[in-house]
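A.B. asks: Here you go, sequence then predicted model.
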Amino acid sequence: MSHIQKLEKFISLFSPDNRVLVVINADPDAIASAMAVKRLLWRKVSEVKITYFNEIRRPDNLTMLRVLNIDIIPIKEIDEKNFDKFVVVDSQPDHHECFAMFRYDAIIDHHPLSCDCAVFNDIRPEYGACSTMMTEYIKAADIKPSKPLATAMLMGIKTDTSGFLRQTAMEDVRAFQFLYKYANPSLIARIEHAEFREKDVDFIARAIRKKKIINHRVYAHTGKIENPDQCVITADFFMKIDSANWSIVSGIYNQKLIIIIRNDGLRKSAGNTVKQAFDFIGSAGGHRTMARVEIKMEDLAKELSVSHSQAISSGSHAIDDSFISEWIIEKIELHAGTKTE
């Protein structure tokens with residue numbers, strides 16, 4: 001099916017009196033894709049609203065919303081009865097329980113196929129970003145994107161392909177080239193440079209005080225944390241150390257041990273390493289250069305021979321932080337090795 005045929009099939013779902021809700025798990029690619037849907041349906045339906053259910057905390061995402069004046073609404077403020085058409089972009093309905101609140105007329109996504117339950121399904125896992133798919137819809141509709149829309153979609157492609165360093169198709173490159181003509185480079189720089197909030201800087205300082213460097217791997221267990229994004233930001237920051245080729249930052253959040261891993265991609269896969277090291281006790285996986293582990297504290301307590309009752313009664317501090325730190329180091333050093341694959 002050609003891009004024009006896909007566009008026509010998508011547009012045919014809607015009539016002028018429809019009120020459309022676009023549901024997303026908000027990140028740059030999802031936000032930009034939802035904006036593109038809104039533009040495609042401009043003057044074709046009565047109303048289009050964009051709603052999200054996750055908490056937006058990353059400084060670059062917050063800056064993107066602010067400088068591009070993007071209007072999105074938390075899902076708790078949405079009354080389903082006010083809408084009669086529902087679209088999900090950059091996700092599929094089984095990706096999160098909040099998506100199950102609605103029955104979808106259209107699904108547009110670039111993740112592996114898991115749920116194509118809508119009337120219209122366009123799922124292309126070979127693409128690096130959903131914004132690339134939406135760029136093809138915009139081009140098929142012969143729409144010249146506004147600066148905010150082009151800037152947002154370009155950011156969506158850059159983010160989801162990690163600047164074309166992760167899975168990327170030629171379609172992603174072509175979409176980027178098209179959008180760049182209409183985007184605002186100054187706003188892109190402003191969004192990308194918004195890396196830290198003041199509290200993030202304080203967290204990084206705390207992690208620096210706790211860091212250990214072993215075999216060119218930077219470790220920092222930070223104890224109880226406000227949100228896992230702090231570990232993500234710090235792990236990325238530590239990869240800027242000239243001697244570091246791995247960064248492992250951990251913390252305790254909602255009675256779970258969260259471990260964020262980054263590496264340079266030249267040696268063993270981060271995703272494979274964490275599966276070997278931690279899959280027996282929790283959720284562990286990722287890509288070659290980035291990975292994530294989540295372990296329930298009660299399961300970690302059992303593994304480290306701390307009683308189940310003590311772990312529950314004492315909360316996240318049932319196990320000494322230094323003990324957790326040494327355990328993480330032991331597991332990573334055992335499975336990461338020093339040989340290239």
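C.D. replies: Thanks, I have the structure now.
A.B. asks: got the contact list for Thr273?
C.D. replies: With contact set as C-beta atoms under 8 Å, 6 or more residues apart in numbering, Thr273 has these partners: 261, 291, 332, 335-336. All C-beta spots, glycine's among them, are computed from the backbone N, C-alpha and C.
A.B. asks: For the chain, just list every one of the helices.
C.D. replies: 3-11, 28-40, 59-67, 130-140, 147-160, 170-180, 185-192, 198-210, 229-238, 270-278, 297-303, 308-314, 321-336 (DSSP state H).
A.B. asks: pLDDT averaged over the fifth one, what's the number?
C.D. replies: Spelled out, it's helix 147-160. Average pLDDT, helix 147-160: 95.
A.B. asks: go on, the first one?
C.D. replies: Per-residue confidence for helix 3-11 averages out to 96 on the pLDDT scale.
A.B. asks: neighbours around the residue lying closest to Asn69 once chain neighbours are set aside, how many?
C.D. replies: Among residues not flanking Asn69 along the chain, Pro148 sits closest, at 6.7 Å (C-beta to C-beta, 6 or more residues apart in numbering). Using other C-beta atoms under 10 Å as the criterion, Pro148 is surrounded by 19 other residues.
A.B. asks: Also Phe120?
C.D. replies: Counted with other C-beta under 10 Å, Phe120 comes out at 17.
A.B. asks: Excluding chain neighbours, what is closest to it?
C.D. replies: Nearest to Phe120 is Ala106, by C-beta to C-beta, 6+ apart, at 4.3 Å.
A.B. asks: Okay, that neighbour and Arg43: tell me how far apart.
C.D. replies: Ala106 is 18 Å from Arg43, where distance means C-beta to C-beta, to the nearest Å.
A.B. asks: again, but for Asp79
C.D. replies: Applying C-beta to C-beta to Asp79 and Arg43 gives a distance of 24 Å.
A.B. asks: Quick one: mean pLDDT for stretch 39-52?
C.D. replies: Per-residue scores along stretch 39-52 average to 97.
A.B. asks: How about that stretch, which residues are buried there?
C.D. replies: Across stretch 39-52, burial judged by 16 or more other C-beta atoms under 10 Å covers 39-41, 45, 48-52.
A.B. asks: And that stretch, end to end?
C.D. replies: 18 Å (C-alpha to C-alpha, to the nearest Å).
A.B. asks: Please tell me how far it is from the chain's geometric centre.
C.D. replies: 24 Å (C-alpha atoms, centre = their mean, to the nearest Å).
A.B. asks: Show residues contacting it.
C.D. replies: By C-beta under 8 Å, 6+ apart, stretch 39-52 touches 7, 10-11, 14-26, 30-31, 34-35, 37-38, 71-75, 77-78, 83, 85, 137-138, 141, 143, 145-146, 149.
A.B. asks: Stretch 186-200 too?
C.D. replies: With C-beta under 8 Å, 6+ apart, stretch 186-200 has contacts from 59-60, 62-64, 67-68, 147, 151, 154-155, 158, 204, 226, 230, 233.
A.B. asks: Type out the ChimeraX command that picks the buried ones from those.
C.D. replies: Buried residues among the contacts of stretch 186-200 (16+ other C-beta under 10 Å), as a ChimeraX selection:
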select :59,60,63,64,67,68,151,154,155,158,204,230,233
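A.B. asks: coming back round to it: any idea which of the buried residues of stretch 39-52 is closest to Phe178?
C.D. replies: When the buried residues of stretch 39-52 are compared for distance to Phe178 (C-beta to C-beta), Arg39 wins out at 14.6 Å.
A.B. asks: Next, work out how far apart that closest one and Ala26 are.
C.D. replies: Arg39 is 18 Å from Ala26, by C-beta to C-beta.
A.B. asks: would you turn the helices of the chain into CSV with distance to His221?
C.D. replies: Shown next, in CSV, are the helices of the chain (distance: least, C-beta to C-beta, whole Å):
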stretch, distance to His221
helix 3-11, 48
helix 28-40, 29
helix 59-67, 23
helix 130-140, 35
helix 147-160, 28
helix 170-180, 36
helix 185-192, 29
helix 198-210, 6
helix 229-238, 10
helix 270-278, 14
helix 297-303, 12
helix 308-314, 17
helix 321-336, 4
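A.B. asks: Max pairwise distance over the buried residues of stretch 39-52: which two?
C.D. replies: So, the buried residues of stretch 39-52 by C-beta to C-beta: farthest apart are Val45 and Tyr52, at 19.9 Å.
A.B. asks: which residues does the most centrally placed residue in the chain contact?
C.D. replies: Centroid-nearest residue in the chain, with C-alpha atoms, centre = their mean: Asp27, separated by 6.0 Å. By C-beta under 8 Å, 6+ apart, the contact set of Asp27 is 61, 90, 159.
A.B. asks: who's in contact with the last one?
C.D. replies: Contact analysis of Thr159 by C-beta under 8 Å, 6+ apart lists 27-29, 129.
A.B. asks: May I see the residues you listed arranged in TSV, with distance to Ile208 and pLDDT as well?
C.D. replies: Below are those laid out as TSV (distance: C-beta to C-beta, whole Å; pLDDT from 0 to 100):
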residue	distance to Ile208	pLDDT
Asp27	27	92
Pro28	28	93
Asp29	31	95
Ala129	33	95
